[in-house]
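*Asks:* what follows is a predicted structure for the sequence shown.
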Amino acid sequence: MSRERSLSIADNSQSRTLVSTTMTSKKKSDKTSTKSLWDWFLPFQKRKDGQVKISISTKVFGFLINPLEGVITLQQCFKEAQPTDVFLVTCPKSGTTWFKTLLFAIMNRDLYDYDDHPLLTTNPHACVPFFETYAIENATNLRPDLSLLATHMPYTCLPDSILVSGCRIVYVYRDPKDLFVSLWHFANKIRSKELPTLILGEAFEQFCRGVSIGGPFWDHVVGYWKASIEWPDRVLFTKYEDMKNDPQLHVKKLAQFIGYPFSIKEENEGIRQKILDLCSFESLSNLEVNKNGLIRLGQDMVLENKSFFRQGKIQDWKNYLTTEMVERIDEITKHKFKELA
Ligand SMILES: Nc1ncnc2c1ncn2[C@@H]1O[C@H](COP(=O)(O)OS(=O)(=O)O)[C@@H](OP(=O)(O)O)[C@H]1O
């Protein structure tokens with residue numbers, strides 16, 4: 001499959017042409033992917049009537065059925081993106097939950113006190129919904145009240161309105177080795193208890209072949225990386241590891257990019273640190289709501305809030321991957337990102 005899209009994008013001064021990346025996948029691996037996707041997330045492929053369906057698009061794009069419906073709805077019907085909107089885009093397990101809280105806290109910092117903040121009692125995914133899930137439940141009124149939304153959609157799948165609106169897109173990259181390990185843990189957590197544990201080696205094989213929610217990891221990254229190079233004022237390419245290693249610097253950059261820079265007064269009051277403390281792994285994962293609460297992420301998908309908080313560390317892959325696995329994934333990364341160097 002090969003897909004290329006050209007769009008006209010309006011900015012303040014001129015009209016430009018935006019060409020998204022080409023997504024490629026070989027027919028042969030599509031076949032494998034279908035079976036594999038099925039295997040990873042079987043419980044959520046069942047519909048209410050007990051029927052299990054998988055569409056051609058699911059096979060091609062790697063979306064689960066529920067989000068895919070939302071993606072199509074958005075592509076066909078969402079026309080109301082605003083220049084003030086902020087879209088957080090991630091591959092699953094890149095740090096979505098964390099960046100949702102950071103962006104939410106930055107953008108709403110005039111509204112809430114830090115000892116009575118919504119993030120203390122509400123799961124981040126309830127504060128900042130996934131747009132594709134939101135679209136399924138709000139198909140008749142796709143314009144949300146919020147100006148902050150998140151998505152796992154690949155660049156090639158973004159609705160045109162988002163691309164032409166001049167809104168900000170924040171993309172979060174995470175080392176695929178850590179991302180994979182996180183995804184593997186998550187998949188095992190949310191799988192039906194009737195199913196056997198997903199074996200690490202099998203999951204690794206599938207991931208390397210491009211099986212992941214939102215499509216192949218590397219293509220996902222390349223799409224947004226290219227957009228960030230072409231439109232640096234619109235698309236911020238940021239890294240989980242950078243935020244971990246130097247949160248002060250990177251949260252400042254994040255706030256500046258989305259148009260909410262910290263004032264000198266706020267800096268003197270330590271607001272940046274307060275946001276970082278509020279959104280830290282330790283703080284969020286120890287909240288009652290995130291230890292014991294549940295979140296509905298679509299019609300048939302109810303997850304424990306705690307499944308979004310495991311360790312929040314860098315290089316946990318060292319505890320799971322063999323030397324061969326590390327060499328293989330690094331080689332794929334090198335090969336796929338060669339054109340970006
Ligand atoms: N506040 C904070 N700080 C740092 N890291 C955090 C935070 N919150 C969640 N996490 C870690 O992020 C991983 C989950 O990824 P996502 O949030 O992208 O998952 S999802 O896409 O929303 O399902 C998962 O990573 P692993 O611990 O490596 O599995 C979470 O533990």
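*Replies:* Looks like it came in fine.
*Asks:* use CA for all of it now, contacts and neighbours both
*Replies:* Will do.
*Asks:* middle-most residue in the chain, spatially?
*Replies:* Thr90 (2.5 Å; C-alpha atoms, centre = their mean).
*Asks:* wait, that residue touches Thr97, no?
*Replies:* No: applying C-alpha atoms under 8 Å as the test, Thr90 and Thr97 come out as separate, 9.9 Å apart.
*Asks:* burial of Leu297, as a residue count?
*Replies:* Counted with other C-alpha atoms under 10 Å, the neighbours of Leu297 add up to 18.
*Asks:* separation between it and Ala126?
*Replies:* 9 Å (C-alpha to C-alpha, to the nearest Å).
*Asks:* how about the residues of the stretch 101-250 of the chain by the ligand?
*Replies:* Residues of the stretch 101-250 of the chain lying close to the ligand by C-alpha under 6 Å from any ligand atom are Ser182.
*Asks:* quick one: the strands in the stretch 101-250 of the chain?
*Replies:* Applying DSSP state E, counting those that start in this stretch to the stretch 101-250 of the chain gives strands spanning 148-151, 168-173, 235-239.
*Asks:* what's the most buried one of those strands?
*Replies:* strand 168-173 (a mean of 25; mean count of other C-alpha atoms under 10 Å).
*Asks:* who does it pair up with?
*Replies:* Within its sheet, strand 168-173 is paired with strand 86-90 (parallel), strand 235-239 (parallel), according to DSSP bridges.
*Asks:* who touches that strand?
*Replies:* Outside strand 168-173, the residues that touch it by C-alpha atoms under 8 Å, 6 or more residues apart in numbering are 83-91, 94-96, 221, 224, 233-240, 257-258.
*Asks:* mean pLDDT added to the strands of the stretch 101-250 of the chain, as TSV?
*Replies:* Shown next, in TSV, are the strands of the stretch 101-250 of the chain (pLDDT from 0 to 100):
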stretch	mean pLDDT
strand 148-151	95
strand 168-173	98
strand 235-239	98
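*Asks:* now those strands as CSV including distance to Phe281?
*Replies:* Shown next, in CSV, are the strands of the stretch 101-250 of the chain (distance: least, C-alpha to C-alpha, whole Å):
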stretch, distance to Phe281
strand 148-151, 19
strand 168-173, 17
strand 235-239, 16
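*Asks:* can you show me the helices along the stretch 151-300 of the chain?
*Replies:* Counting by DSSP state H, counting those that start in this stretch, one finds helices in the stretch 151-300 of the chain at the ranges 160-165, 176-190, 200-208, 217-230, 240-245, 247-257, 264-268, 271-278, 281-285, 288-292.
*Asks:* what comes up buried for the last one?
*Replies:* What it means is helix 288-292. Along helix 288-292, these residues count as buried under the neighbour rule (16 or more other C-alpha atoms under 10 Å): 289-291.
*Asks:* swap in the fifth one?
*Replies:* Applying a neighbour-count criterion of 16+ other C-alpha under 10 Å, the buried positions in helix 240-245 are 240-241, 243.
*Asks:* between these, which is nearest Ser192?
*Replies:* Tyr240 (29.4 Å; C-alpha to C-alpha).
*Asks:* contacts only, for the closest one.
*Replies:* 94-95, 172-174 are the contacts of Tyr240 under C-alpha under 8 Å, 6+ apart.
*Asks:* quick check: Ala227 vs the ligand, distance?
*Replies:* 21 Å (C-alpha to the nearest ligand atom, to the nearest Å).
*Asks:* my read is that that residue contacts Val235, right?
*Replies:* Yes: at 6.5 Å, Ala227 counts as touching Val235 under the criterion of C-alpha under 8 Å.
*Asks:* just the pLDDT for the residue nearest to the centre of the chain.
*Replies:* Here the pLDDT value assigned to Thr90 is 97.
*Asks:* repeat that for the one 3 residues further on.
*Replies:* The score at Lys93 is 95. That number is its pLDDT.
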